[in-house]
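# sequence and predicted structure, then a few things I'm wondering about:
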Amino acid sequence: MGSKYFWNIGLTLGGIDAGPPTICSTMEAPPEYKSQEYCIIELNNHYGRAVYTALRSRYRYAVNHDYGDKGVDIVMDIMEKVIKENPDITLDFMRSQRITSDHCGFYPRPDQVPRMKNLGMILSCNPNFINRSTPWLQVYGDAKANYISPVGNLIKGGVMVATEYEGLGLGSGKGPTATTFLYKLISRLNDKGVAIAKDQAIDRVSAMKTSTIWPAYFVLAEDRLGSLSVGKLADFQVLNKDYFTVPEADIPTVLPEMVVLGGKIVVLRKELATELGTQPVGKQIEFAFKTNYNLDVTVSAAPAGE
């Protein structure tokens, strides 16, 4: 369903938890935080039964929001329950659905990755959670750093990952480059320059795949998106630098000087327009390459929902 530029990727019922501390988690925490955790989905509550019914009815289910690890455990429990109780829903059929889950705030745990692979899941992970989740290590413990957007474990385990881009500045006209997000996956550096779970770092080729061919699989359109191949849509960008050869620290400064969509130039930045002797086209984003995220903040108990 959808068009060349919009895809309906499945049925969703909203988030299965919220943000810290109101997440659905197996992690240990002091009582003042643990008491605020909340699983919107349970195996046999209304939400869980609705997901069961959707999967049983052969809908593709897309987890709309998940921050903690326990919520996705419950989703996988439901997937396996559907397979067990309904002989016409085979494991191969469930894999073909490519059930999704997003954000990777504090998941997946290492032991969840093989299960996701077996069920054919595909995830979208937010590199900015390397910033957002880090202060909560004061609550959940430094050992949980490798739960934060663990793209390294996912790729090693054979699970495709799509990168989420939030806050690119398309509305305000100011924001980070898209490559700033990829740099976080490559370096694991937060905006204070501190490496978070360095063992989860990936190479720049894999990072690029999280923004090209793997998202094409995520939206079930790999036959026409994700790579420049015969028969596929030839939308492309002209970058100011070679993403694959610049020094790693310079990756966030790689940005599109021209964007061609559907055979039409939709963005032509002033820098390249001047060189070509023509006028700029489209929004001229004021790119930033670093933000001032303060890791020294003291985490305190927050009212539920905040």
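That came through, no problem.
# so which strand or helix has residue 265?
In this assignment (DSSP states H and E), residue 265 forms part of strand 264-268.
# how about the helix or strand following that strand: buried residues?
Following strand 264-268 in sequence order, the next helix or strand is helix 270-276 (DSSP H and E). Using 16 or more other C-beta atoms under 10 Å as the test for burial, helix 270-276 gives 272, 273. The C-beta positions use only the backbone N, C-alpha and C, and glycine is treated the same way.
# what separates residue 199 from residue 158, distance-wise?
Relative to residue 158, residue 199 is positioned 18 Å away (criterion: C-beta to C-beta, to the nearest Å).
# for residue 95, that is, sorry about that
From residue 95 to residue 158 the distance is 12 Å (C-beta to C-beta).
# and for residue 120?
10 Å.
# so between those two, which is more surrounded?
residue 120 (18 against 11; other C-beta atoms under 10 Å).
# quick one: that one and residue 99 touch, right?
Yes - the pair residue 120 / residue 99 is scored as a contact, 7.1 Å apart, by C-beta atoms under 8 Å.
# joint contacts of the two?
Between them, residue 120 and residue 99 share no contacting residue under C-beta atoms under 8 Å, 6 or more residues apart in numbering.
# packing partners of the strand or helix carrying residue 73?
Under the criterion of DSSP H and E, residue 73 resides in helix 69-85. Applying 3 or more C-beta pairs under 8 Å, 6 or more residues apart in numbering; DSSP states H and E, one finds that helix 69-85 makes contact with helix 46-56, helix 91-97, helix 112-119.
# and that helix, how far out from the chain middle?
21 Å (C-alpha atoms, centre = their mean, to the nearest Å).
# what is the mean pLDDT for it?
Regarding helix 69-85, the rounded mean pLDDT is 98.
# over to stretch 5-22?
90.
# low-confidence ranges in the stretch 201-306 of the chain?
Residue ranges of the stretch 201-306 of the chain with pLDDT under 70: 290-306.
# which stretches in it count as strands?
Applying DSSP state E, counting those that start in this stretch to the stretch 201-306 of the chain gives strands spanning 236-239, 256-261, 264-268, 286-288.
# what's the closest of the ones you listed to residue 59?
strand 256-261 (30.3 Å; C-beta to C-beta).
# thinking again about what came up before, what's the most buried one of the strands of the stretch 201-306 of the chain?
strand 256-261 (a mean of 18; mean count of other C-beta atoms under 10 Å).
# show me the contact partners of that one.
Strand 256-261 is contacted by residues 5, 178, 234-240, 265-269, 271-272, 282 when judged by C-beta under 8 Å, 6+ apart.
# and that strand, which strands flank it?
strand 236-239 (antiparallel), strand 264-268 (antiparallel) (DSSP bridges).
# next one: the first one to chain centre, how far?
With C-alpha atoms, centre = their mean as the basis, strand 236-239 stands 22 Å off its chain's centre.
# contacting residues for the most centrally placed residue in the chain?
Central residue of the chain (C-alpha atoms, centre = their mean): residue 125, 2.1 Å from the mean position. By C-beta under 8 Å, 6+ apart, the residues touching residue 125 are 102, 103, 104, 149, 151, 154, 161, 162, 163, 164, 210.
# go on, residue 50?
Shown in contact with residue 50 (C-beta under 8 Å, 6+ apart): residue 13.
# okay, it: pLDDT?
pLDDT, residue 50: 97.
# all further residue positions should be reported with the first residue as 363.
From this message on, residue numbering opens at 363, which makes the last subject residue 412.
# separation between it and residue 405?
Plainly put, residue 412 is 12 Å away from residue 405 if you go by C-beta to C-beta.
# check residue 498 too.
26 Å.
# then residue 603?
50 Å.
# okay, residue 498 and residue 405: which has more neighbours?
Each of residue 498 and residue 405 has its neighbours counted (other C-beta under 10 Å); residue 498 has more, 23 against 16.
# next, the distance between the ends of stretch 538-558.
In stretch 538-558, first residue to last residue: 20 Å (C-alpha to C-alpha, to the nearest Å).
# average pLDDT for it, rounded please.
So the average pLDDT for stretch 538-558 ends up being 93.
# try stretch 514-529
96.
# so who does the residue lying closest to residue 478 once chain neighbours are set aside touch?
Spatially, and ignoring its direct neighbours in sequence, residue 478 is nearest to residue 521 (5.1 Å; C-beta to C-beta, 6 or more residues apart in numbering). The neighbourhood of residue 521, defined by C-beta under 8 Å, 6+ apart, consists of 475, 478, 479, 483, 484, 485.
# pull out the buried members of the residues you listed.
Judged by 16+ other C-beta under 10 Å, buried ones among the contacts of residue 521: 475, 478, 483, 484, 485.
# quick check, nearest of the residues you listed to residue 450?
Once C-beta to C-beta is applied, the member of the buried ones among the contacts of residue 521 that ends up nearest residue 450 is residue 483, at 20.7 Å.
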